[in-house]
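K.L.:
Provided below for reference: sequence and predicted model.
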Amino acid sequence: MASVAKQAALEKVVEIANRVGASEGIEIVDVELLGGGRNRVLRIYIDKPGGVTHADCESVSEQVGTILDAEDAIDGGTYTLEVSSPGVERKLKSQKDFERFIGKRAKVLLRDPLENRRQWEGTIAEVKDGVIHLEASPGKAVEFPLGQVERANLKFEW
């Protein structure tokens, strides 16, 4: 599948998944379309306050799968649909994600170095006007624009 067709399919899946999720009180965290040919995997990560249950995953999978098949949204038709929670070290992609997890630890990889480092780990202290404030250690805070984040995820503390 060409990248333009893949992107169009992903956008359609996101739209369908968001519609299904909204009716169930479930947030669509991320959607991935991996692999090619007969080995494609469509992975949808969902979340909701209080956590995701197996029944939530099953419900979203059934509803989204039915709509995708009815609308023939995935070119070529052959794929495996997986629906799961994002896990304890979920990705942080939007300002809303960072705001939701203020007070939690995160690992962030920046596009460009800040103080000669691209990788930072710390507690999300504040999110304001598109700027993330991360407390890297007691008394040591850094801030960077959300657009500077290449990749970020929560860090589970044992």
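P.N.:
Here it is on my side, so go on. Numbers count the residues shown, from 1 in each chain.
K.L.:
what does the lengthiest helix in the chain rub up against?
P.N.:
When the chain is parsed with DSSP state H, its longest helix is helix 3-24. Surrounding helix 3-24, the residues in contact under the criterion Cβ atoms under 8 Å, 6 or more residues apart in numbering are 1, 26-28, 31, 33, 42, 44, 46, 56, 59-60, 63-64, 67-68, 71, 73-75. Placement of C-beta: from N, CA and C, glycine included.
K.L.:
Check stretch 32-49 too.
P.N.:
1, 6, 9-10, 13, 17, 21, 25-31, 52, 56-57, 60-61, 64, 68, 74, 76, 78-86, 90-91.
K.L.:
Tell me, how many residues neighbour the nearest residue to residue 123 once chain neighbours are set aside?
P.N.:
Excluding its sequence neighbours, the residue lying closest to residue 123 (Cβ to Cβ, 6 or more residues apart in numbering) is residue 135, at 4.6 Å. The tally of other residues near residue 135 (other Cβ atoms under 10 Å) stands at 16.
K.L.:
ok, now residue 23?
P.N.:
Residue 23 has 10 nearby residues by other Cβ under 10 Å.
K.L.:
I'd like the distance between it and residue 63.
P.N.:
8 Å (Cβ to Cβ, to the nearest Å).
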